[in-house]
Structures are given as structure tokens and as C-alpha cells.
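[1] I would like the atomic coordinates for the input below:
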Amino acid sequence: MSSLKKCCAFSAAVIMAASGTFSCSKKNNIKKAEKNIQDFVPITEINENSRNYYLIVKDIDDEYWKLLSKGAAMAGNELEVNIYMSGSSDETEIDQQIALAEKALKNEADGIIIAPDDAVRLSDCVTRIHEAGVPVVLADTIVNCHDYDVCFMTDNMIAGREAAKELIKEMHGNGVKADETAYVAIMSGAITVPTLNERVAGFCDYWSEHAPKNWKVMDDISKSNAYDDALSDVRNVLTKKKGIKGIFAVNYFTAAGSAAVMKENNMTDVSLVCFDFSDEISEIMRDSDYTVSALLQRTYDMGYLAVKSCDSICNGKTPEQKYVDTGIVILDPDTRNTPQVQEILSEY
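    Just a heads-up that it's a prediction; the model follows:
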């Protein structure tokens, strides 16, 4: 089987797995998770007699989720409602999210906004919230059920295709010839996160249609769960495989890790296309010797719109759409100074 077919088969397998049925976590796992979670903290001014909305993110310390919460706080202050935020310690701690959701229900939340760590295991939890009569708004990631009110997120299949298109353009611009054998490494995050799997699937789909035949996606897709893991994984991939001319970094910390390793090894012959924006991406983009593009999600908008929608639902209004694609903007040397890009960068 060719490397590209393996890549596409991997993507299809994880997406199919995510659509299967799994039981919700056992109660003892939830009790154990409760001991390790950070309690909800207010991120807005607290107003007595105002509605209380609870925001649950995937990684409480990750800059991406801090940006989403910044948008949520802005909307909360505008509406004069109270927003309380917490999240799991990383994107694999699914039981922590379930424990937080149950705590929000116990606290009599007027609405819950959640960015699910796992599309399957959080679906039962979302259903329980919805059946309790509490509005559920999803941000960044969807779940494998229909018991939510609205979801604000990137269309990740489309975004993955855009990433492949951008990397092909970058590699051509960086001097890689169409008849030259070149390899592309995919650096992804936790396999339980459906958004990342969809990005990989979209990337492979576009690559199979448009990339030169001699440009091959590597068989193994690295799956890092944190920034330090990503640093190690990128170093391992780049030292073990010769001829790598492109990297697709699928989320925030794999992007930051890829940029850091490229800088420390002066890898100007490797093109990087990544999701989101970090200090490492900002630094490497300021050096014209490197070829880097970033797909910027409208993360701030996800948080802002989620709170606005949650309050609207509490006021008796039904969302016009069940799913809202908040879109992406590509940041590269040609677009850096455009109003769209500058608006998003100003939110970081």
C-alpha cells in the first residue's frame, strides 16, 4: 500500500472509530477525575441576579483556549452575564471534562458551552445536559449526537484541503522540483480529537488529487499530546527520515514544536504549513529564510459567538443553523498585512 493510501486509510479509520458507540466513563473514573480538575473561575464581572454560563475547554493552560475564553468573556461582559471557565489538564483527560459538566449541572448552570475532548465519549454527557433542559453550545469540536443547540467551529475537512494546497505552493516556491522525490511529515495531536483527524483526512484527500507523484506523505503520522511531546516527535522524524521537504502541523503545539525544531536546526529547505499562531510561529515568520504559512482559525469568534448564542437560546430563540463554520484565514508573506489577518492577530 502506498504511503498516501496508508495516510488516507488512517484518517478514514479514526473518523469511523469516532462514529462508533462507546459507553460513558464509569463513575469511579469521574470521581478520580474530580480530584485533578481546576475549579471553575469567573472570567467576567460577576453580576448578582444575572445568568450563569459555564465554559469548559480542552486544555486549561493552552494559549488557543485562552484566546477562545477571551472572546467568551467579551461577550459575557457585553451581555452582563456571568461566565465561569474551567477545562481538562490536556486534551486526553476526557473524564475531567465529564466531571466538570456534571459540576456545572450541579451548580444549576443556565447554559453550558463546551469544546469536547472526544466526540464519542462526550456525546452521552451532552445528551444528559440537554435532557436536563440546559442549553448546550459547542465550540471548536462537534459531538457524535444531535442533543446540542448549535456548534461554532472550523470546517476541518475544508481547512485540511486548504493546508495541502498551501504546502504544495510553498514547496514549489522553496525550490522542490515536481520530479524530485520529496517527503512530507504530518505532525498531529491526540487521536481522540475528531477535528485533527478531519484535518488530516482533508489534507490527504487534496494531496492525492493535486501533489506531484514523487512528493510522498510519510507512512507514520506522529500523534503528540503536548508541546514537549511534539518537540521530541519532530526531532525524531526529521533525524530518521531523509528528504523531508514539507511538514503539516495539525494543531497549536505541533506547530510551535515544528517551528522550534526547524529554527534550532536551520532547516530553511523545509516548508511548514500549520494551524494557529504561537510565539514560535511568529518568530520563524519574521525570518525570511524560512517558508512558513499558518491557517488561522477564528478562535476568538468561536468563544464570542458561543456565549451570544447561549444567551439568545435562554431568551427563547432557536438558532437558525445547527452548525456554523467560523472559517479560516491563511497567514503567509503575501497576506500578513491584510485587514483580515491583522484583525485575527490583534486578538492574540
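
[2] so where is the chain shaky, pLDDT-wise?
    Residues of the chain that meet the criterion pLDDT under 70 lie in 1-35, 192.

[3] mind giving me the domain split of it?
    Following automatic domain parsing, the chain resolves into domains at 3-14+155-297, 36-153+299-326.

[4] Out of those domains, which is closest to residue 344?
    domain 3-14+155-297 (4.8 Å; C-beta to C-beta). From N, CA and C alone the C-beta is placed, and that goes for glycine too.

[5] one step back: would you format the domains of the chain as CSV with distance to residue 335 and mean neighbour count included?
    Supplementary listing: the domains of the chain in CSV, determined by distance: least, C-beta to C-beta, whole Å; neighbours: other C-beta atoms under 10 Å:
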stretch, distance to residue 335, mean neighbour count
domain 3-14+155-297, 9, 20
domain 36-153+299-326, 18, 20
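
[6] could these go into a markdown table alongside distance to residue 333?
    As requested, the domains of the chain are arranged in a markdown table below (distance: least, C-beta to C-beta, whole Å):
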| stretch | distance to residue 333 |
| --- | --- |
| domain 3-14+155-297 | 8 |
| domain 36-153+299-326 | 22 |
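
[7] Of the ones you listed, give the one that comes closest to residue 345.
    Closest approach to residue 345 among the domains of the chain (C-beta to C-beta): domain 3-14+155-297, 6.8 Å.

[8] show me the contacts for residue 347.
    Residue 347 is in contact with 67, 70, 71, 299, 300, counting by C-beta atoms under 8 Å, 6 or more residues apart in numbering.

[9] Specify which member of the residues you listed is nearest to residue 332.
    Nearest to residue 332 among the contacts of residue 347, with distances taken as C-beta to C-beta, is residue 299, at 18.7 Å.

[10] excluding its backbone neighbours, what's nearest residue 116?
    residue 122 (3.9 Å; C-beta to C-beta, 6 or more residues apart in numbering).

[11] Report the separation between that neighbour and residue 114.
    Residue 122 sits 7 Å away from residue 114, going by C-beta to C-beta, to the nearest Å.

[12] repeat for residue 218
    Per C-beta to C-beta, residue 218 is found 34 Å from residue 114.

[13] Residue 160 against residue 197, yeah?
    No - look at residue 160 against residue 197 with C-beta atoms under 8 Å: they stay out of range, at 9.5 Å.

[14] quick one, what contacts residue 172?
    residue 178.

[15] taking the contacts of residue 347 one by one, which sit in helices?
    Among those, the members falling in helices (DSSP state H) are 67, 70, 71, 299, 300.

[16] Would you reformat those as JSON lines and include distance to residue 342?
    Formatted as JSON lines, the ones in helices among the contacts of residue 347 follow (distance: C-beta to C-beta, whole Å):
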{"residue": "67", "distance to residue 342": "16"}
{"residue": "70", "distance to residue 342": "17"}
{"residue": "71", "distance to residue 342": "17"}
{"residue": "299", "distance to residue 342": "16"}
{"residue": "300", "distance to residue 342": "13"}
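
[17] how about those residues, which pair is most distant?
    Within the ones in helices among the contacts of residue 347, 70 and 299 form the most distant pair, 8.8 Å apart (C-beta to C-beta).

[18] where along the stretch 151-300 of the chain do the helices fall?
    In the stretch 151-300 of the chain, the helices defined using DSSP state H, counting those that start in this stretch lie at 156-173, 194-210, 227-240, 252-264, 279-285, 299-314.

[19] hang on, the earlier thing: please identify every residue contacting each of residue 122 and residue 114.
    Each of residue 97 lies in contact with both residue 122 and residue 114 under the rule C-beta under 8 Å, 6+ apart.

[20] Contacts only, for residue 334.
    Taking C-beta under 8 Å, 6+ apart, we find residue 334 in contact with no residue.

[21] can I assume it sits in a helix?
    No - Residue 334: not assigned to a helix; according to DSSP: H, G, I helix; E, B strand; the rest coil it is coil.

[22] Tell me who's in contact with the residue nearest to residue 348 when sequence neighbours are not counted.
    The shortest distance from residue 348 to any non-neighbouring residue, by C-beta to C-beta, 6+ apart, is to residue 277 (5.9 Å). Residue 277 makes contacts with 294, 296, 331, 344, 345, 348, as judged by C-beta under 8 Å, 6+ apart.
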